[in-house]
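Student: the sequence and its predicted three-dimensional model are supplied below.
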Amino acid sequence: MAATPEQPAATTPRRKAGRHRGEGQWAAGHFTPLNGNEQFKKDDDGLNVRTRIETIYSKRGFDSIDPNDLRGRMRWWGLYTQRKPGIDGGKTAILAPEELDDEYFMLRVRIDGGRLTTEQLRVIGEISEEFARGTADLTDRQNVQYHWIRIEDVPEIWRRLEAVGLSTTEACGDTPRTVLGSPVAGIAENEIVDGTPAIDEIQRRFIGNPDYSNLPRKFKTAISGSPQLDVAHEINDIAFVGVVHPEHGPGFDLWVGGGLSTNPKLGVRLGAWVPVEEVPDVFGGVIGIFRDYGYRRLRNRARLKFLVADWGPERFREVLETEYLKYTLVDGPAPEQPAEVWRDHLGVHRQKDGLFYVGFAPRVGRVDGATLTKIADLAAAHGSGRLRTTTEQKMIVLDVAEDRLESLVSGLEALDLKVNASPFRRGTMACTGIEYCKLAIVETKARGASLIDELERRVPDFDEPLTININGCPNACARIQVADIGLKGQLVLDDEGNQVEGYQVHLGGALGLQAGFGRKVRGLKVTADELPDYVERVLKRFRAEREDGERFATWAARASEEALS
């Protein structure tokens with residue numbers, strides 16, 4: 001059994017002099033909270049706030065909420081206060097939290113593995129219309145996010161979600177977040193192994209479990225047996241990637257320690273092959289290490305990636321096997337490079353049972369409740385009771401008969417949900433941005449949507465795979481460092497010396513194919529208004545200079561600074 005605060009595991013070696021307080025690791029006997037977040041978690045488990053929401057806050061209103069619940073524990077149930085309208089990006093880092101807080105919430109619905117039924121999607125849409133002013137964004141972690149949620153309505157929203165098997169439990173907070181899964185798990189013709197049983201067991205054993213509800217920081221998980229590497233495994237705390245062992249057959253390759261934000265790191269392989277039935281146990285061992293050995297002193301060093309970087313993969317695997325699993329993992333092969341660059345599953349594809357799945361793209365994940373309800377109706381009318389969300393802010397309808405494909409595609413296209421999308425619609429993602437997020441500095445969603453339109457008009461014949469990721473702040477929720485063109489929101493000076501919204505540019509990042517972080521050209525920043533001109537200019541230079549078959553990321557790595565400016 002993994003170590004608990006009452007029964008610490010073996011201590012780690014003493015760190016260098018000058019760090020007399022250590023890193024706040026429980027396994028080293030450091031239980032005294034070293035920051036405010038650790039204190040409020042010690043005072044009361046975040047899971048316990050649900051009772052107060054249901055019995056006190058929803059009845060007495062926003063002003064009755066304890067500050068440590070409001071900006072802390074309520075995240076354990078998927079709730080963040082949203083940004084008060086009218087506060088510009090220059091004040092993001094200046095104002096106190098209570099000055100940024102609106103009296104409304106973002107509420108995140110966790111959708112593990114991206115799996116939805118038409119009934120569930122219809123309920124999500126109805127809640128959006130009734131309680132969230134129509135908002136409902138698809139995220140790059142397969143979730144749906146509402147805005148404008150009143151605390152008074154939260155218990156009823158929970159009741160409706162849970163009635164159809166959905167939840168907001170630990171959708172945020174220092175917890176095991178939504179488990180990413182291949183959106184074509186169990187149906188794809190080329191699937192190596194179906195990770196769905198492991199996702200289900202992880203949900204059953206770990207989500208909402210008080211033994212794992214106080215982690216040093218958030219814990220992100222990805223499980224996919226698709227050869228397309230479709231869950232961004234390189235940037236999760238733990239990832240299980242489908243491989244075929246030469247002796248043991250299909251299973252998963254184990255990765256740990258990935259993450260982006262302001263100190264990005266790619267995950268590392270532990271060199272271990274894990275059969276699907278052992279995935280939950282291995283997950284439990286890794287999350288146990290994070291809980292017990294993870295750094296709790298500084299929030300900006302509390303993610304698992306810092307522990308993995310300090311320990312290295314060999315020691316991490318040794319501790320996992322000897323202290324947590326109590327058995328030795330089988331050595332295994334690395335994943336093969338994917339044959340396809342796109343991994344969003346857009347378009348029409350045959351399933352292994354002879355039916356088809358249809359992937360479609362909204363603009364930068366921005367949908368609304370009415371549209372989601374119509375999608376549910378379309379899916380149900382065309383013979384499918386199942387849908388999936390993807391890690392690229394897209395959605396898929398499953399189990400469509402061949403003679404129903406044309407009608408379904410026409411219905412989706414009529415909703416401006418592109419099945420046959422341009423590279424710009426297909427490859428552009430955006431985070432929430434300043435519209436609702438208290439951390440954001442610039443606008444993102446509308447900017448991304450308009451950029452798609454402009455590029456489709458200006459470069460209509462561009463047909464190369466391309467990712468454009470737009471983020472409203474440095475925290476990289478939209479994965480800017482691993483995009484072909486990553487745009488980090490910040491305030492910049494225009495030609496007249498005025499401070500305006502703009503972006504620092506990252507070029508040539510990638511996941512899946514030669515994964516790596518994008519390049520920053522010294523001093524390269526663009527204003528929001530200049531963005532379409534800049535991207536058009538760079539894409540035309542790429543087409544003029546590229547070698548046969550060369551991807552944008554490869555070209556960007558070797559191009560001159562002049563070509564990228």
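Tutor: Right, received. Where do you want to start?
Student: use CA for all of it now, contacts and neighbours both
Tutor: Will do.
Student: quick check: closest non-adjacent residue to the residue nearest the centre of the chain.
Tutor: Nearest to the geometric centre of the chain sits Arg141, at 3.3 Å (Cα atoms, centre = their mean). If the residues on either side of it in the chain are set aside, Arg141 comes closest to Thr391, at 5.2 Å by Cα to Cα, 6 or more residues apart in numbering.
Student: go ahead and confirm Tyr104 touches Tyr146.
Tutor: No: taking contacts as Cα atoms under 8 Å, Tyr104 lies outside contact range of Tyr146: 10.5 Å.
Student: neighbour count winner among those two?
Tutor: Taking other Cα atoms under 10 Å, Tyr104 and Tyr146 do not tie; Tyr146 has more neighbours (24 against 20).
Student: that one belongs to a strand, doesn't it?
Tutor: Yes: under DSSP: H, G, I helix; E, B strand; the rest coil, Tyr146 falls within a strand.
Student: quick check: the gap between it and Ile124.
Tutor: Using Cα to Cα, to the nearest Å, Tyr146 is found at 9 Å from Ile124.
Student: cool, and Val274?
Tutor: From Val274 to Ile124 the distance is 35 Å (Cα to Cα).
Student: swap in Gly383?
Tutor: Taken as Cα to Cα, the span from Gly383 to Ile124 is 20 Å.
Student: the two - which one has more neighbours?
Tutor: Ile124 (27 against 14).
Student: surely the more buried one meets Arg159?
Tutor: No: under the criterion of Cα under 8 Å, Ile124 makes no contact with Arg159, lying 12.0 Å away.
Student: got the residue ranges for the helices in the stretch 251-400 of the chain?
Tutor: Ranges of helices in the stretch 251-400 of the chain, per DSSP state H, counting those that start in this stretch, are 279-293, 304-311, 313-319, 369-381.
Student: most packed of those?
Tutor: helix 279-293 (a mean of 23; mean count of other Cα atoms under 10 Å).
Student: what angle sits between it and helix 304-311?
Tutor: 80 degrees (axes from the mean of the first three to the mean of the last three Cα atoms, to 10 degrees).
Student: mind giving me the packing neighbours of helix 279-293?
Tutor: helix 196-206, strand 238-245 (3 or more Cα pairs under 8 Å, 6 or more residues apart in numbering; DSSP states H and E).
Student: try it again at 6 Å.
Tutor: helix 196-206 (3 or more Cα pairs under 6 Å, 6 or more residues apart in numbering; DSSP states H and E).
Student: what pairs with whichever helix or strand comes after the helix it packs on, parallel or antiparallel?
Tutor: Toward the C-terminus, helix 196-206 is succeeded by strand 219-224 as the next helix or strand (DSSP states H and E). Here strand 219-224 is paired, per DSSP bridges, with strand 176-181 (parallel), strand 238-245 (parallel).
Student: for the ones you listed, which one sits closest to Leu100?
Tutor: strand 176-181 (25.1 Å; Cα to Cα).
Student: quick one: mean pLDDT over that closest one.
Tutor: What strand 176-181 shows for mean pLDDT is 98.
Student: and for stretch 555-563?
Tutor: Mean predicted confidence for stretch 555-563 is 95.
Student: now it: buried residues?
Tutor: For stretch 555-563, the neighbour count (16 or more other Cα atoms under 10 Å) marks Trp555, Ala556 as buried.
Student: cool, and stretch 191-198?
Tutor: Buried residues in stretch 191-198 (16+ other Cα under 10 Å): Glu191, Ile192, Val193, Asp194, Gly195, Thr196, Ala198.
Student: roughly how far does the fifth one sit from Asp494?
Tutor: Here the distance between Gly195 and Asp494 works out to 49 Å (Cα to Cα).
Student: residue contacts, Val500?
Tutor: If you count contacts by Cα atoms under 6 Å, 6 or more residues apart in numbering, Val500 has them with Leu491, Val492.
Student: got phi/psi on it?
Tutor: For Val500, the backbone dihedrals (degrees, to the nearest 10) come out as phi -140, psi 170.
Student: tell me the bridge partners for it.
Tutor: Applying DSSP bridges, one finds that Val500 bridges with Val492.
Student: remind me which residues of this protein are low pLDDT?
Tutor: Low-confidence segments of the chain (pLDDT under 70): 1-21, 513.
Student: and with 80 instead?
Tutor: Scanning the chain for pLDDT under 80 picks out the ranges 1-21, 341, 513.
Student: and the closest residue to Pro275 other than its chain neighbours, how many neighbours?
Tutor: Excluding its sequence neighbours, the residue lying closest to Pro275 (Cα to Cα, 6+ apart) is Gly251, at 4.5 Å. By other Cα under 10 Å, the residues close to Gly251 number 25.
Student: tell me how far Gly251 lies from Ala421.
Tutor: 33 Å.
Student: go on, Glu98?
Tutor: Distance, Glu98 to Ala421, using Cα to Cα: 42 Å.
Student: higher neighbour count, these two?
Tutor: For Glu98 versus Ala421, neighbours defined as other Cα under 10 Å are more numerous around Ala421 (16 against 13).
Student: can I assume the more buried one sits in a strand?
Tutor: No: counting by three-state DSSP, Ala421 falls outside a strand, being coil.
Student: would you confirm that Thr118 contacts Asp377?
Tutor: No: judged on Cα atoms under 6 Å, Thr118 makes no contact with Asp377 at a distance of 7.3 Å.
Student: mind listing what's buried in stretch 200-219?
Tutor: 202-203, 206-208, 212-219.
Student: quick one: which of these is nearest Val526?
Tutor: Lys218 (32.0 Å).
Student: show me what contacts that closest one?
Tutor: Asp174, Thr175.
Student: wait, Arg110 touches Asn143, no?
Tutor: Yes: using Cα under 6 Å, Arg110 is in contact with Asn143, at 5.2 Å.
Student: count of residues packed around Ala544?
Tutor: Quick note: Ala544 (other Cα under 10 Å) scores 9 neighbours.
Student: that one: what secondary structure?
Tutor: Taking three-state DSSP, the label given to Ala544 is helix.
Student: neighbours of Gly86, how many?
Tutor: When neighbours are counted by other Cα under 10 Å, Gly86 registers 9.
Student: confirm it sits in a helix?
Tutor: No: with three-state DSSP as the criterion, Gly86 is coil rather than part of a helix.
Student: now it: how far from Asp44?
Tutor: For Gly86 relative to Asp44 (Cα to Cα), the value is 34 Å.
Student: just to revisit the earlier point, ok, which of the strands paired with strand 219-224 comes nearest Arg426?
Tutor: Among those, if distance is taken as Cα to Cα, the winner is strand 176-181, at 19.7 Å.
Student: what lies in contact with the closest one?
Tutor: Outside strand 176-181, the residues that reach it (Cα under 6 Å, 6+ apart) are Arg110, Asp112, Gly113, Glu170, Ala171, Phe219, Lys220, Thr221, Ala222, Ile223, Ser224.
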